[in-house]
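**Q** could you work out the structure for the sequence below:
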Amino acid sequence: LCCNLCCCFCAQINTNIIQTCLQHSCPTKRFTFFTFPGPKCSGISTAHHLEPAIVKMAEQQQLEPVTVNVARFHKRLEESAQIGLNPTRGKGLFRQALTTEDVAGRVWVKKQMHLAGLHVWEDGALNIHGCLFPSNSNRQDVKPTAANPAVITGSHHDTVAGGGALDGALGVIAGIEALHRIKELCDSGAIELQRPVEVINFTDEEGRFGGMLGSMCVAGTVKESDIPTMASADTGELAVDLLHQLKNCEGNTLEENRLQCAKQAAESVYEQGTMFAYVELHIEQGPVLDTTGESLAAITGICGLKKWEITFTGQSNHAGTTPMKQRKNAFEGCARMQMAISKLLAVHGATDTVCTIGSVKVTPNYPNVVPGICVFTVEARDTSANILDTLAKALLAEVNNIASSIGLELSIRVMSDMAPITADPHLTKLICKHCKAQLTEEEHNVRIMPSGAAHDAQQMARLGPMGMIFVPSIDGISHQHKEATALHHLDKGANALVNTLLELATVKVSDSMTFAETMESLTKDSNSTLADENQAKSKASHTKKNASKTALLCIDLQKMPPTTAREGVDFSDDDVKFFQNSIGDVVNLVNKAQTHARANEIEVVHCRIMSMTKDGRDRSALHKRMEIHVPPGADASQGQWMDNVGPIGDELVFNKTGSNVFVTTNINYVLKNMKIENLVCCGVLTDECVLGTVTSACDLGYDCTVLTDGCLAASPQRHQAALHTLSRFASRMCNVDDWILSDNE
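**A** Take a look at the predicted model:
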């Protein structure tokens, strides 16, 4: 009774009563799952428990916000978190794809779909589908059709070894709950579906068999001929053999069974035009939302991923009698590769590029035997296809060099090759609208950010518009047992999901309307734009409608790379090389931002951090003059402006002399006189004084956006530290393309 009262009236109940309920081991445990002590979250949501009235509007069928059944949602989360526990193996869940534990999870998922009143079916790749159809639908076929495309949500229920209870499972469980609520609304006559709605539990998102087997089959991004060779990285088992065990593919021989299973898996593909939209709820799996204190995010895109299985073969031999110079130690090759990764990233990577050796197996794996075989995985991720391709070539070249230098045989197997993907901007705008409806009065924004992790949404985007909702991961932890999210954040994410799906499934679309036009009709009454949704610490929204002025602030774009020659400078030769190799791409992106600004009446302001001219004249007196349009001459102490991004025409230019306080005063004076309210910052972030310039501008009340790929510091470490510092102050961190997109919106 106490728990039921808490569920219904917790907004009015004293916290002490709830704590008493917890201390007495409430049998339903509704408030014990995913509750964590400390100031970051209470673990108890005090909103969204009472179901509001559903108002059926006339033509547009605009609905009041719907909430999930919180008690039912939490119960499903708790039950799921028990499947795959194996204390003898360690902490966390062991629901790797197509294992006994995963099969138990699959049985549970099907049961939940049936309890939700969904039509449940399983395809040839063992993806589990739960569907709702419009009341007037005569559809008998299992897959959606181009004539009646489906709104789809979902994720995966498999885990990594020792994984957490939310990665993937949240999207599946929230999807089932969302469709459960939609069915209840349909049954009550409150709404009428215009198209099918579907939740999918995808097979092997975690890539045990090298890729996202389930979603790749649905999206048609895997060749039928490649499926028979997909092998487990941990046991070597073939995916088709496990599919056969669970589906009993018809064949007379083992080989025929494998080919038949591969054929059935490939036949799971959905045809182009049969998906109206795909929306996935997921934990962030990173620290951004938890650090900024934000509840929800919508993504701009998903990083690309390349993964290889590398096999070095040397010679096993006695560890005591084989001289070091005569060894062919296969593990040494792996160790050298690990040591090389940081240098390769410094030269070929960008700020957010990552590369990981995550699995290593040595043979014979015995203390007194030199390893003769070493099999390990190398994985690289980035949001830029060009950077990922360049890095891939460098990584594979390094592997070959290592093998040649220490006399090892080399074998390479491609496990994954997924290109970066962009979220549909119109769908993202709709997601932002429903996320914003979940925020409290104290919360001001829905963050717009890229995803550094790969998701099933990455594959489904090949079929149609794709968007994702992120909720925070406490301390940014994922893929281990400490993975956690506050309950009130899970509730907000699930509520944003059900409302997004509901609007997509009920909107009436004429044959002449494009998807973009449909999304525009759903968001036209919203006062916010895509850009506004990510004003992380902004106290007010500034849209084009209210004509606030924006300036693109270009910082320190001079022909002067960092040097190791100056006294007291701690830049290394590698730092300088990184800068030189990276600045060209940054210049191109800054040029792109400047071109957009000039074409859209956005002021371009150049700030050069320098002390004196060579002749000793202090230029500080010039800062307060509004007619400073000409950049410093050839006698300036710190070089000329960079080509293609220096000032042109009458773009405002000012220099810095003296302290950070002084340059901040100058910036403030100039920008206030120009009536600038919004700053978009790019340029070189090598010196701390540049960071001080931007952070001080934020403190002065300017709404600051930082173009992450339009900035550069002198080393990957300095660059990451600079962006981390700026993220604490800036209203928004995004890349150049996303800024241009949001400004156009």
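**Q** does the nearest residue to C698 once chain neighbours are set aside belong to a helix, a strand or coil?
**A** By the measure of CB to CB, 6 or more residues apart in numbering, the closest residue to C698 outside its immediate chain neighbours is F729, 3.9 Å from it. Every residue, glycine included, has its C-beta placed from N, CA and C. Three-state assignment for F729 (DSSP: H, G, I helix; E, B strand; the rest coil): coil.
**Q** what's the spacing between F729 and K183?
**A** Noted for F729: a distance of 46 Å to K183, by CB to CB, to the nearest Å.
**Q** can you check S478 too?
**A** Distance from S478 to K183, by CB to CB: 31 Å.
**Q** neighbour count: these two, which is higher?
**A** Neighbour count, other CB atoms under 10 Å: between S478 and K183, S478 has more, with 22 against 16.
**Q** returning to what we had before: tell me, how many residues neighbour the residue nearest to C698?
**A** 17.
**Q** need phi/psi at it.
**A** In terms of degrees, to the nearest 10, the main-chain angles of F729 are phi -110, psi -40.
**Q** what is the burial count for L391?
**A** For L391, the count of nearby residues is 24 (other CB under 10 Å).
**Q** so V375 touches F331, yeah?
**A** No: applying CB atoms under 8 Å as the test, V375 and F331 come out as separate, 10.3 Å apart.
**Q** anything in contact with each of these two?
**A** Common neighbours of V375 and F331, using CB atoms under 8 Å, 6 or more residues apart in numbering, are 312, 360.
**Q** mind listing the helices for the stretch 551-700 of the chain?
**A** Applying DSSP state H, counting those that start in this stretch to the stretch 551-700 of the chain gives helices spanning 573-599, 660-673, 688-699.
**Q** ditto for the stretch 201-350 of the chain
**A** Here the stretch 201-350 of the chain has its helices, by DSSP H, counting those that start in this stretch, at 213-219, 239-247, 254-266, 288-292, 330-348.
**Q** can you lay out those as a markdown table showing mean neighbour count, mean pLDDT and distance to A385?
**A** Formatted as a markdown table, those follow (neighbours: other CB atoms under 10 Å; pLDDT from 0 to 100; distance: least, CB to CB, whole Å):
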| stretch | mean neighbour count | mean pLDDT | distance to A385 |
| --- | --- | --- | --- |
| helix 213-219 | 29 | 96 | 18 |
| helix 239-247 | 21 | 91 | 27 |
| helix 254-266 | 20 | 92 | 25 |
| helix 288-292 | 19 | 91 | 23 |
| helix 330-348 | 19 | 95 | 13 |
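**Q** list the contacts of stretch 359-371.
**A** Taking CB under 8 Å, 6+ apart as the rule, stretch 359-371 contacts 233-234, 314-320, 322, 327-331, 334, 372-377.
**Q** and it, end to end?
**A** By CA to CA, to the nearest Å, the extent of stretch 359-371 from end to end equals 16 Å.
**Q** likewise for stretch 431-440?
**A** OK, stretch 431-440 end separation, CA to CA: 17 Å.
**Q** I'd like the average pLDDT over it.
**A** Stretch 431-440 shows an average pLDDT of 94 in the prediction.
**Q** and that stretch, which residues are buried?
**A** Within stretch 431-440, the residues that count as buried by 16 or more other CB atoms under 10 Å are 431-436, 438-439.
**Q** which residue is nearest the middle of this structure?
**A** S451 (1.3 Å; CA atoms, centre = their mean).
**Q** identify the bridge partners of that one.
**A** Legend: beta-bridge partners of S451 under DSSP bridges are I302.
**Q** I'd like the next helix or strand past the one helix or strand S416 maps to.
**A** For S416, the host element (DSSP states H and E) is strand 409-418. Counting by DSSP H and E, the next helix or strand C-terminal to strand 409-418 is strand 421-422.
**Q** ok now that following strand, how far from the chain's centre?
**A** Put simply, strand 421-422 sits 11 Å off its chain's centre (CA atoms, centre = their mean, to the nearest Å).
**Q** what's in contact with it?
**A** Contacts for strand 421-422 (CB under 8 Å, 6+ apart): 300-302, 304, 457-458, 461, 466.
**Q** pull the most distant pair out of the residues you listed.
**A** G304 and M466 (14.8 Å; CB to CB).
**Q** those two: which has the busier surroundings?
**A** M466 (28 against 23).
**Q** how about the contacts made by the more buried one?
**A** 277-280, 421, 423-424, 427, 457, 460.
**Q** could you give the bridge partners of it?
**A** With DSSP bridges as the rule, M466 is bridged to Y278.
**Q** C711 now?
**A** Using DSSP bridges, the bridge partners assigned to C711 are G683.
**Q** so it makes contact with V586?
**A** Yes: between C711 and V586 there is a contact under CB under 8 Å: 7.1 Å.
**Q** measure the residue nearest to the centre of the chain to L501 for me?
**A** For S451 relative to L501 (CB to CB), the value is 20 Å.
**Q** and for G154?
**A** Distance from G154 to L501, by CB to CB: 11 Å.
**Q** more neighbours, the two?
**A** G154 (31 against 27).
**Q** in a strand, the more buried one, correct?
**A** Yes: counting by three-state DSSP, G154 is located in a strand.
**Q** which residues does it form beta bridges with?
**A** Per DSSP bridges, the residues bridged to G154 are I200.
**Q** what ranges do the helices span in the stretch 351-500 of the chain?
**A** Along the stretch 351-500 of the chain, the stretches classed as helices by DSSP H, counting those that start in this stretch are 385-405, 425-436, 456-460, 487-506.
**Q** related to what we said a few turns ago, packing partners of the strand holding S416?
**A** strand 304-313, helix 385-405 (3 or more CB pairs under 8 Å, 6 or more residues apart in numbering; DSSP states H and E).
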